[in-house]
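>>> quick one: sequence plus predicted model below, questions after.
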Amino acid sequence: MNTTDWFTSWFNTPYYHILYKHRNDADAQFFMRNITSFLQLPKSSTIVDLPCGKGRHSVYLNSLGYDVVGGDLSKNSIAYAKQFENDTLHFEVWDMRKTIEGRYDAIFNLFTSFGYFEDDEEDIAVLRNIKNGLKENGVFVLDFLNVEKVKNTLVKEEVKTIDGIEFNIQKEIKDGFILKHISFFADGKAHSYTERVKFLTLEKLQSYFDRVGFKITEIFGDYQLNAFNASLSDRLIIVAK
Ligand SMILES: C[S@@+](CC[C@H](N)C(=O)[O-])C[C@H]1O[C@@H](n2cnc3c(N)ncnc32)[C@H](O)[C@@H]1O
């Protein structure tokens, strides 16, 4: 496995968490409140949050009474999340490309944690792993970006200053990927990373879901759970069984 993949390095840095600090606990809690009340999962349910980052969704889901396992490839994020562990909340370093051993009531893949791989088959394999990790009536929630809206509102260049770091950001859509080039100077040196997320439309995702035998039961367009609209929605949230 190539450990120099962009998602292995960038997400393991403190700078990723600084740039995305607006994606905070409040943002996670609002969505989790809405989706759990929509799903009506019994409190005894076990939910896997994969990848969980530093655990913002996992911690809140656990506070709602669910048994939660958070997994992420980033060792630093899992080390941080472990401070929140209790009898019904656990975190582990977990590569979503690996087969899931247990069987769970629900698996959540939140905040654009999908579509990272060059080869479609690798993305489909992640979905297959998730499907195999669910109990008979288990449910999967995928919270992805709405690529159509990203394309129509693409800001090609911008500068964001957060915590004293000036992030220079350039975005482009190229070869089927949304590329976000991020460069900045911090802690005495220049850094540059490129996020690469596949341009996955609902139609393309539907074909992935079909391939693994997942049935899409609901499609939402934002964290309030309004219906999905390809030109207007901020998110593409798919519920599947
Ligand atoms: C955009 S972040 C979202 C994290 C979290 N869901 C949240 O909302 O804060 C994407 C996460 O995917 C993780 N990741 C990337 N590739 C992974 C893989 N192959 N297996 C597990 N986690 C992975 C990264 O470490 C990062 O924490």
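Cool, the structure landed.

>>> near the ligand, which residues of this structure?
With Cβ under 6 Å from any ligand atom as the criterion, the chain meets the ligand at residues 7, 11, 51-53, 56, 72-74, 77, 94-97, 110-113, 116. Yep, even glycine has a C-beta here, placed from its N, CA and C like the rest.

>>> if you set the cut-off to 5 Å instead, what comes out?
Counting by Cβ under 5 Å from any ligand atom, the chain comes close to the ligand at 7, 11, 51, 53, 72-74, 95-96, 110-111, 113.

>>> who does the helix or strand encompassing G138 pair up with?
Using DSSP states H and E, G138 falls within strand 134-145. Here strand 134-145 is paired, per DSSP bridges, with strand 104-109 (parallel), strand 235-240 (antiparallel).

>>> coming back round to it: could the residues of the chain next to the ligand go into JSON lines alongside neighbour count, secondary structure and pLDDT?
Formatted as JSON lines, the residues of the chain next to the ligand follow (neighbours: other Cβ atoms under 10 Å; DSSP: H, G, I helix; E, B strand; the rest coil; pLDDT from 0 to 100):
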{"residue": "F7", "neighbour count": "18", "secondary structure": "helix", "pLDDT": "92"}
{"residue": "F11", "neighbour count": "22", "secondary structure": "coil", "pLDDT": "93"}
{"residue": "P51", "neighbour count": "23", "secondary structure": "coil", "pLDDT": "98"}
{"residue": "G53", "neighbour count": "24", "secondary structure": "coil", "pLDDT": "96"}
{"residue": "D72", "neighbour count": "27", "secondary structure": "strand", "pLDDT": "97"}
{"residue": "L73", "neighbour count": "21", "secondary structure": "coil", "pLDDT": "96"}
{"residue": "S74", "neighbour count": "23", "secondary structure": "coil", "pLDDT": "96"}
{"residue": "D95", "neighbour count": "14", "secondary structure": "coil", "pLDDT": "96"}
{"residue": "M96", "neighbour count": "22", "secondary structure": "coil", "pLDDT": "96"}
{"residue": "L110", "neighbour count": "24", "secondary structure": "coil", "pLDDT": "98"}
{"residue": "F111", "neighbour count": "19", "secondary structure": "coil", "pLDDT": "96"}
{"residue": "S113", "neighbour count": "23", "secondary structure": "coil", "pLDDT": "97"}
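
>>> which residue packs closest to G102, ignoring adjacent ones?
G133 (6.7 Å; Cβ to Cβ, 6 or more residues apart in numbering).

>>> that neighbour contacts I107, correct?
Yes - the pair G133 / I107 is scored as a contact, 5.9 Å apart, by Cβ atoms under 8 Å.

>>> got any residues that touch both of the two?
48, 100 (Cβ atoms under 8 Å, 6 or more residues apart in numbering).

>>> between those two, who's got more neighbours?
Counted by other Cβ atoms under 10 Å, G133 and I107 do not tie: I107 has more neighbours, with 25 against 19.

>>> gap between the nearest residue to that one once chain neighbours are set aside and Y60?
Nearest non-adjacent residue to I107, counting by Cβ to Cβ, 6+ apart: V48, 4.5 Å away. Between V48 and Y60 the computed distance is 15 Å (Cβ to Cβ, to the nearest Å).

>>> more crowded one of those two?
Neighbour count, other Cβ under 10 Å: between V48 and Y60, V48 has more, with 26 against 21.

>>> phi and psi next, for the more buried one.
Per-residue torsions, V48: phi -100, psi 130 (degrees, to the nearest 10).

>>> then E122?
Backbone torsions for E122, taken as degrees, to the nearest 10, come to phi -70, psi -40.

>>> where do the strands sit along the protein?
Along the chain, the segments classed as strands by DSSP state E run 46-49, 67-72, 89-93, 104-109, 134-145, 157-162, 165-174, 177-186, 189-198, 216-220, 235-240.

>>> contacts for the longest one?
This points to strand 134-145. 31, 35, 39, 41, 103-115, 130-131, 178, 197, 200, 205, 214, 217, 234-241.
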